[in-house]
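# Here is a sequence together with a model predicted from it:
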Amino acid sequence: MYGIDTDGPATRGDAVDLRSDTLTRPTPAMRRAMAEAEVGDDVYREDPTVNALEERVAELFGHEAALFVPSGTMGNQIGLRLVCEPGQEVLGDADAHVLTYEMGAAAALFGLSSRTVVSEGGRLSADQLIAQVRPHGDWHLTATAAIAVENTHNRGGGLVQPLTELERLFAWSRTAGVNVHLDGARVFNASVASGVPLATYGRLADTASVCLSKGLGAPIGSVLVANAERIAAARLWRKRLGGGMRQVGVLAAAAHHALDHHLDRLATDHEHARLLAERLGVDPTTVETNMVVVDDVPAPAVAEAAKAQGVLVGQVSARRVRLVTHLDVDRDGVERAAKVLTQVIGDLAGH
Ligand SMILES: *Cc1c(COP(=O)(O)O)cnc(C)c1O
């Protein structure tokens, strides 16, 4: 079902690794596709597999052009730089990956200022952001050039952004001369969960970075999409940052394979996450995609005790653990993790 590889997921000893969906390993079929890839020098734009991937992803998201980059961080930061000049401001939510987990890159590399609004659980509110936008042309103010949106929201526990809010924000941004950047590291999960086409999410952003190395299970790679003029500029930024790559058709082949075989099956990861929540007594309405957030537990102790029994979990804070389902965790693994975690959390609560 779901077009999953017939030769099944890669194995990982016998641990169930729920720390992140970045931890997937290329399946045997993906490795074969990589081995057989046609390649060329991508800096010369002569890698046919990369060129085809860029065309494919641009089309998926309804944009003119795309650029293959080594990481989501590079995709996001180049994306922001395309729509924001030094001294201008990126506005986003306080938990946004681009402003939280990318090591201050927008400021350190590009001189971009940033400002945040605190949103509840990462949920986008167009009004809240619009109210904070600072206009261009004032001789005191830092102009807001771009708004960054994240879908699904990582620190929001895999939350899918409401389409109506995305639409409202984008429509307003057209009237205000502000650009929208989408951090779509997990936009594939968002689309599978909501049924909203990727092209719809794509047309609600001026620049978007999407990851092939999260739930889709490629070993590396993200793609930045935008109009042709911006992608031409992005190509220069990528080279300047040391992200010009050579015979990376081997990596693009993994990405093609992931799009062919691992996109629809994200529904299975979502089903697994709901199952985990159910077993652990977590409110199922908090689980929209492939993440389960367990609050009010001693996170380091839970992680350590679970690890001793072959279940790895992420620690988000002292009292919060995160479980992420993915390609390398099957139904048996989910059941085993649920059993171990129920016992571990129960034991620790009893002390
Ligand atoms: C993982 C992730 C990224 C990109 O991370 P890289 O490790 O640089 O590929 C960007 N945004 C979000 C929301 C993410 O979860």
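That came through, no problem. Numbers count the residues shown, from 1 in each chain.
# for this protein, what's the longest helix?
helix 331-349 (DSSP state H).
# Go through that one and flag the buried ones.
Residues of helix 331-349 classed as buried: 333, 334, 336, 337, 338, 340, 341, 344, 345 (neighbour count, 16 or more other C-beta atoms under 10 Å). Where C-beta positions appear, they are placed from N, C-alpha and C, glycine not excepted.
# List the residues that contact the fourth one.
Shown in contact with residue 337 (C-beta atoms under 8 Å, 6 or more residues apart in numbering): 16, 18, 276, 306, 311, 323, 329.
# Mind telling me what element the fourth one is part of?
By that I understand residue 306. In this assignment (DSSP states H and E), residue 306 forms part of helix 299-308.
# Show me what the helix or strand that that helix is followed by is packed up against.
The first helix or strand that comes after helix 299-308 along the chain, using DSSP H and E, is strand 311-312. Under the contact criterion of 3 or more C-beta pairs under 8 Å, 6 or more residues apart in numbering; DSSP states H and E, strand 311-312 touches strand 16-17, helix 331-349.
# and strand 311-312, which strands flank it?
With DSSP bridges as the test, strand 311-312 is paired with strand 16-17 (parallel).
# Mean confidence (pLDDT) on stretch 198-208, please.
Mean pLDDT, computed over stretch 198-208, is 98.
# Run the chain-centre distance for stretch 256-269.
15 Å (C-alpha atoms, centre = their mean, to the nearest Å).
# Can you classify residue 90 by secondary structure?
strand (DSSP: H, G, I helix; E, B strand; the rest coil).
# And residue 77, how far from residue 106?
For residue 77, the distance to residue 106 equals 6 Å [C-beta to C-beta, to the nearest Å].
# wait, residue 323
In terms of C-beta to C-beta, residue 323 sits 30 Å off from residue 106.
# Which of the two has more residues huddled nearby?
Set residue 323 next to residue 106 and count neighbours by other C-beta atoms under 10 Å: residue 323 wins out with 31 against 24.
# Name whatever forms a beta bridge with the more buried one.
residue 292.
# Enumerate every residue touching it.
Contacts of residue 323 by C-beta under 8 Å, 6+ apart are 18, 273, 276, 291, 292, 293, 294, 313, 314, 337, 341.
# Apply 7 Å and report the result again.
18, 276, 291, 292, 294, 313 (C-beta atoms under 7 Å, 6 or more residues apart in numbering).
# Give me the contact list for the helix holding residue 306.
With C-beta under 7 Å, 6+ apart, helix 299-308 has contacts from 313, 315, 317, 318, 319, 320, 321, 340, 341, 344, 345, 348.
# Kindly export it (C-alpha atoms) in CSV.
C-alpha atoms of helix 299-308 as CSV (Å, rounded to 0.1, in the frame of the first residue of the first chain):
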residue,chain,number,x,y,z
ALA,A,299,12.4,14.3,29.8
PRO,A,300,16.1,13.3,30.5
ALA,A,301,15.0,10.4,32.8
VAL,A,302,12.4,9.2,30.3
ALA,A,303,14.9,9.4,27.4
GLU,A,304,17.5,7.5,29.4
ALA,A,305,15.2,4.8,30.7
ALA,A,306,13.6,4.3,27.2
LYS,A,307,17.0,4.1,25.6
ALA,A,308,18.0,1.3,27.9
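# nearest to the ligand, of the helices and strands packed on strand 311-312?
strand 16-17 (15.9 Å; C-beta to the nearest ligand atom).
# next SSE after the closest one?
Using DSSP H and E, the first helix or strand after strand 16-17 is helix 28-35.
# For that following helix, buried residues please.
In helix 28-35, counting by 16+ other C-beta under 10 Å, buried: 29, 30, 31, 33, 34.
# and residue 161, backbone torsions?
phi -70, psi 140 (degrees, to the nearest 10).
# Just give the number of residues close to it.
25.
# so who does it touch?
124, 149, 151, 153.
# Then residue 313?
By C-beta under 7 Å, 6+ apart, the neighbours of residue 313 are 18, 19, 302, 303, 306, 321, 322, 323.
# Please name the nearest non-neighbouring residue to it.
Closest residue to residue 313 apart from its sequence neighbours, by C-beta to C-beta, 6 or more residues apart in numbering: residue 321 at 4.8 Å.
# what's the distance between the one you found and residue 307?
Distance, residue 321 to residue 307, by C-beta to C-beta: 12 Å.
# Measure how far the helix or strand that contains residue 188 is from the centre of its chain, please.
Assignment of secondary structure by DSSP H and E places residue 188 within helix 187-194. Relative to its parent chain, helix 187-194 has a centroid offset of 11 Å by C-alpha atoms, centre = their mean.
# Can you get me a residue count around the residue of the stretch 51-200 of the chain found nearest the ligand?
Sorted by distance to the ligand under C-beta to the nearest ligand atom, the residues of the stretch 51-200 of the chain start with residue 72, at 2.3 Å. Using other C-beta under 10 Å, residue 72 has 27 other residues around it.
# residues contacting it?
Taking C-beta under 7 Å, 6+ apart, one finds 185, 209, 211, 222 in contact with residue 72.
# Just want to check the distance between the third one and residue 141.
Shown here: residue 211 relative to residue 141, a distance of 34 Å by C-beta to C-beta.
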